[in-house]
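>>> heads up, no residue letters with this:
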Ligand code: PAF
């Protein structure tokens, strides 16, 4: 596995793999990796990518003032060992000045799908995500890029951006990977200590309560949202930000007659801001 820090070197690696006739996969990350990230590498391979690259870059433009940019967990050595074991061929580790050189003044803004949910609570966040992902895709030039579904709205923003800009890359979503007790894996779980770790499970428990009610045949979004909300509010250590039911494809609050919906939640538990979601589908009983 090679590590490269300059966009030209990353571009050259990808270009060489393409010239060999290989399908190139790409897994962008902010590091402090866990099994969720290595599952993205595995999925890229399962999608026929003979060469997979990953990037590690804690992107300053997607953090708002007072957010955790400075203290975002970092462990380059461990990350590289994990990516090497996962069979990654190249890791792109740019610094901020490689990604945002002096005089940088271009940003990518996806409107509709960036609004509401995390977009309402973290103004400017998805502009930072869309900008860095567009730049990373243009540098790494993959055939396929894989993103986790835990960041469900982020995935929708990236899909819209790729479609609207006509970027020549397939975007794949990967299922959420969970701890044995159900907590969605996240680099920010590192912030959860003691009682906060136990309390963090209320997001998943809320989603499970909505799923259980859905499985009894209930399709009224407010009822499903209310049962999830009640579960999360019953945990005194959690500060709920939102629970909402949205269309799984468009993220619109108006749901299709099929009854398919995604319930998305965000809450703060101690120093960690956590998000999770579940897509509910199937015929009413
Ligand atoms: O999901 C993440 O880790 C980041 O938002 C991403 C997509 C790597 C962009 O910085």
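Looks like it arrived, so ask away. As the structure is a computational prediction, the values presented were derived from the model and not from experiment.

>>> Helices along the stretch 101-250 of the chain, start to end?
Applying DSSP state H, counting those that start in this stretch to the stretch 101-250 of the chain gives helices spanning 117-121, 125-140, 152-165, 195-199, 201-215, 221-233.

>>> Give me the distance between the third one and the centre of its chain.
Mean C-alpha position of helix 152-165 versus that of the full chain (C-alpha atoms, centre = their mean, to the nearest Å) differs by 11 Å.

>>> who in the stretch 1-150 of the chain is up against the ligand?
Contact residues (C-beta under 6 Å from any ligand atom) of the stretch 1-150 of the chain with the ligand: 28, 29, 30, 59, 62, 129, 132, 133. The way it works is simple: take the backbone N, C-alpha and C, and place the C-beta from them, glycine included.

>>> Point me to the residue sitting closest to the centre of this protein.
With distances taken as C-alpha atoms, centre = their mean, residue 151 lies nearest the centre of the chain, 3.3 Å away.

>>> Without its sequence neighbours, what residue ends up closest to it?
residue 275 (7.0 Å; C-beta to C-beta, 6 or more residues apart in numbering).

>>> pretty sure that neighbour contacts residue 265?
Yes. Contact criterion C-beta atoms under 8 Å: residue 275 and residue 265 qualify, at 6.8 Å.

>>> Which one of the two is surrounded by more residues?
residue 265 (27 against 22; other C-beta atoms under 10 Å).

>>> list residues touching both of residue 275 and residue 265?
residue 203 (C-beta atoms under 8 Å, 6 or more residues apart in numbering).

>>> Relative to residue 97, how far out is the residue of the stretch 151-285 of the chain found nearest the ligand?
Using C-beta to the nearest ligand atom, the closest approach of the stretch 151-285 of the chain to the ligand is made by residue 151 at 5.1 Å. Using C-beta to C-beta, to the nearest Å, residue 151 is found at 26 Å from residue 97.

>>> if we can go back for a sec, model confidence for the residue of the stretch 151-285 of the chain closest to the ligand, exactly?
We have a pLDDT of 98 for residue 151.

>>> Could you pull up phi and psi at it?
phi -90, psi 70 (degrees, to the nearest 10).

>>> likewise residue 262?
phi -110, psi 130.

>>> Residue 13: which of the helices of the stretch 101-250 of the chain is closest?
helix 125-140 (8.5 Å; C-beta to C-beta).

>>> Give me the angle between that closest one and helix 152-165.
Using axes from the mean of the first three to the mean of the last three C-alpha atoms, to 10 degrees, the direction of helix 125-140 lies 60 degrees away from that of helix 152-165.

>>> Give me the mean pLDDT for helix 125-140.
The average pLDDT within helix 125-140 is 98.

>>> That one: which residues count as buried?
Residues 125-137, 139-140 are the ones in helix 125-140 that count as buried (16 or more other C-beta atoms under 10 Å).

>>> Over to stretch 244-255?
Neighbour-count burial for stretch 244-255 flags 244, 245, 246, 248, 251, 255 (criterion: 16+ other C-beta under 10 Å).

>>> Report the two of the residues you listed separated the most.
Using C-beta to C-beta, the buried residues of stretch 244-255 reach their maximum pairwise distance at 244 and 248, which is 12.4 Å.

>>> Sketch out the low-pLDDT regions of the stretch 151-285 of the chain for me.
Of all residues in the stretch 151-285 of the chain, those with pLDDT under 70 make up the ranges 285.

>>> How about the residues of it by the ligand?
151, 154.

>>> quick one: contacts for the closest residue to residue 118 other than its chain neighbours?
Of all residues not flanking residue 118 in the chain, residue 153 sits nearest, at 5.4 Å (C-beta to C-beta, 6+ apart). By C-beta under 8 Å, 6+ apart, residue 153 lies in contact with 113, 114, 117, 118, 119, 126, 251, 264.

>>> Near the last one, how many residues? Count them for me, please.
Which is residue 264. Residue 264, neighbours per other C-beta under 10 Å, totals 24.

>>> cool, the fourth one as well?
Residue 118: 21 surrounding residues under other C-beta under 10 Å.
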